[in-house]
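S.K.: Here's my sequence, what's the structure:
(2 chains)
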Amino acid sequence: MSDYKNYTKQEMQAYAIAKNIKENQIVIVGTGLPLIGASLAKRVVCPSCHPIVESGLMDCAPVEVPRSVGDNRFMAHCAVQWPNIRFIGFEANEWLHDVDRLIAFIGGAQIDPFGNVNSTCIGNYHNPKTRFTGSGGANGIATYCNTVIMMQHQKRRFMDHIDYVTSCGWMDGPGGREKAGLPGNRGPQMVVTDLGIMKFDDKTKRMYLAYYYPFSTPEMVQENTGFEVDVSRAQLMEGPNEEIIRVIREEIDPGQAFIKLPKTK
Amino acid sequence: MGKVCTLSEAVSKYVKSGDTICFGGFTTNRKPYAAVYEILRQGQKDFTVWAGPAGGDWDMMIGEGRVKAYINCYTANSGYTNVSRRFRAAIEAGRLTYEDYSQDVLMLQLHAASLGLPFLPVRLMGGSGLTEFWGISKEERAKLDTVDNDKFVMVDNPFNPGEKVVAVPVPRLDCAVIHVQKASPDGTCIIEGDEFHDVDIAVAAKRTIVTCEELVSDEYIRRDPTLTRIFGQCVDAVVHAPHGAWPAQCYGYYDVDGDAMKEYDKASKYQDAEDAKKQLAKAAEKAAKAAAKAPEDDKAAEKAAKAAAAAKAAEDGSAVPETFRDYMDKWIYSVKTHEELLDKVGASRLIATKNVPGLGYAGKIQ
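M.R.: Prediction:
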């Protein structure tokens, strides 16, 4: 008998993603955990959502987990195969039409208290210690869409000042996006990590801890955050039930492409 | 007429050193690898590159020192290599002249080129590092005749005074190289699945090389003109190159060759044997330090011993890991043509990548 009670941190994260997708939302996913979370939403938690990817593939329903946003696994199982430029136009027009249906998942190497994200480089941009891929679709997504940011919760990643702003969050606080010429009514909604879910305060736009998991505590979150984080509002988020874990392991990612099974002792 | 030719003829005639160039495809999908390899074999260099969503194609060109200026938005064999390694190493070592745009802006720039626009205003990149930093400074730009004088200019929207928008330059492409599913002798192309930026660059470039899975007659390709995507008059050379995207995917035909992607991922960690020795020695030193710091940690000691053994084996030549140089020799320089490459990969391996009808990829039907 398979044991579906011993869920992993990553499975909890995927579940947290799925739980935060709402009815009829258009969900911009990448590969990895956000895709697992969106697949879980589509199959179990919120079947009315519409996963799309930045390569221009709309309403994706992959059978096997894709490895990239341009993968045939997306392309063969979607409603429309648009070129990337149509995706960009769609994203911008959703904002121009003042409809709020998009939610996007992006990731990064560093994040600051206002949800600005770095996925370009560690150190000086011109002479970096570590270079990453750069923006990809993330900058445009963070410009026009509400985002959920996926991060590993580590002190060296959650820092007061990040080395490069690839994707704009709330900039330096209230009014920051407007000052930078960005849509002020869009921005990061939450940060989902392996320790909890941070949200952004309505007034200050600073990150606070909204939920911790059954295996984490508010103290652990503060210890692993490189800046002061308000944990006074934190609540416990219950873990996934066995059926959720079964769907992840048996149906969505049976090859363990992105979610590894817990180690058996 | 007379567009059908060999890969060698197409590349020698239409790809020139110093070109401003763009390849089609998306990271690991429909990348024109056969033509990329031929360029590598022939030796053209000093490219000014408008890289769309790039992967191993441009990573190899960078590793081989063929790039003069790399204008980019994303470089990774996603799912296999999260950040392309020769690209990354070249930037970290200060060896690459590069500029960053967001993918949105770069793809819109290529589209603007296909539309013949003079410049492009966007509401993107504002407030971010993409407008704060210039990868290629104004001074350097002034010295590079193939690179525009400015990365971008903030301008007032003439139709909405007071609104600041980001104006970006439009690429002037000398050469585009794309791989398609079907083409006919007059240059007409059918692209199945997502076209990516391929149609845009085929229209925008002065010279366009098309490699194709299937070379079909001019009559056959226009049996259903809803399927054709590129006007033949935009195309200069048509090359029949089955499996020409290997090891990338080609929609409707084949999947990625995962083994080759993994091999490249590992090999491209090291430029060559010298680099492997250096990096392994450094890793051994680091592991030894970590072990010395934690004398009770058995795992750290084990790791240090393993790293030391790997470094020693590389140094004395008994076990040097496969490097970028080895991979390039093995799959590119040791063969003379695309056909020789296909023989080297082997029929059964290529057949294993064939898409399963209904799935659209090389999955298992159970």
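S.K.: end to end, how far does stretch A:100-118 reach?
M.R.: Its start and end residues considered, stretch A:100-118 measures 25 Å (CA to CA, to the nearest Å).
S.K.: List the buried residues in it.
M.R.: For stretch A:100-118, the neighbour count (16 or more other CB atoms under 10 Å in any protein chain shown) marks A:102-118 as buried. Bear in mind the C-beta positions are built from the backbone N, C-alpha and C, glycine included.
S.K.: ok, what's across the strand from the closest residue in space to B:Thr20 that isn't next to it in sequence?
M.R.: Nearest residue to B:Thr20 in three dimensions, chain neighbours excluded: B:Thr48, at 4.3 Å (CB to CB, 6 or more residues apart in numbering or on different chains). Note on B:Thr48: beta-bridge partners B:Thr20, B:Ala69, judged by DSSP bridges.
S.K.: Quick check, B:Thr48 in contact with B:Val147.
M.R.: Yes: between B:Thr48 and B:Val147 there is a contact under CB atoms under 8 Å: 6.3 Å.
S.K.: ranges for the strands of the stretch 51-200 of chain B?
M.R.: When secondary structure is read from DSSP state E, counting those that start in this stretch, the stretch 51-200 of chain B shows strands at B:67-72, B:98-100, B:120-122, B:153-156, B:164-168, B:175-183, B:189-190.
S.K.: What residues does the stretch 101-250 of chain A have near chain B?
M.R.: Among all residues of the stretch 101-250 of chain A, those adjacent to chain B (criterion: CB under 8 Å from any CB of the partner chain) are A:118, A:120-121, A:125-140, A:143, A:164-168, A:171, A:177, A:179-182.
S.K.: Inside strands: which ones of these?
M.R.: A:118, A:121, A:130-131 (DSSP state E).
S.K.: which one of those has the most neighbours?
M.R.: Neighbours here mean other CB atoms under 10 Å in any protein chain shown. Within those, the largest count is held by A:Cys121, at 26 neighbours.
S.K.: Test my guess that that residue contacts A:Arg131.
M.R.: Yes: the pair A:Cys121 and A:Arg131 passes the contact test of CB under 8 Å, sitting 5.0 Å apart.
S.K.: Give me the common contacts of those two.
M.R.: Any residue near both A:Cys121 and A:Arg131 by CB atoms under 8 Å, 6 or more residues apart in numbering or on different chains counts here, and that gives B:Ile91.
S.K.: Next, the closest residue to B:Leu280 other than its chain neighbours: secondary structure please.
M.R.: Nearest in space to B:Leu280, with sequence neighbours left out and distances taken as CB to CB, 6+ apart, is B:Ala311 at 4.3 Å. Using DSSP: H, G, I helix; E, B strand; the rest coil, the structure places B:Ala311 in helix.
S.K.: In contact with B:Ala311, which residues?
M.R.: For B:Ala311, counting by CB under 8 Å, 6+ apart, the contacting residues are B:277, B:280-281, B:283-284.
S.K.: could you dump these to TSV with neighbour count and pLDDT?
M.R.: Output for those, formatted as TSV (neighbours: other CB atoms under 10 Å in any protein chain shown; pLDDT from 0 to 100):
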residue	neighbour count	pLDDT
B:Lys277	19	97
B:Leu280	22	97
B:Ala281	17	96
B:Ala283	17	96
B:Ala284	22	96
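S.K.: outside of stretch B:263-275, which residues touch it?
M.R.: Contacts with stretch B:263-275, where a contact means CB under 8 Å, 6+ apart, come from B:56, B:59, B:63, B:77, B:80-81, B:84-86, B:89, B:247, B:276, B:279, B:314, B:320-327.
S.K.: so how far is it from its chain's centroid?
M.R.: In terms of CA atoms, centre = their mean, to the nearest Å, the gap separating the centre of stretch B:263-275 from the centre of its chain is 17 Å.
S.K.: Averaged pLDDT, that stretch. What do you get?
M.R.: Confidence over stretch B:263-275, taken as the mean pLDDT, stands at 98.
S.K.: For it, measure first residue to last.
M.R.: Calculated as CA to CA, the first-to-last residue distance of stretch B:263-275 is 17 Å.
S.K.: Just the buried residues of it, please?
M.R.: B:263-265, B:267-271, B:273.
S.K.: follow-up on the earlier one: and among the strands of the stretch 51-200 of chain B, the most buried is which?
M.R.: Here the criterion is mean neighbour count by mean count of other CB atoms under 10 Å in any protein chain shown, and of the strands of the stretch 51-200 of chain B the winner is strand B:175-183, at a mean of 27.
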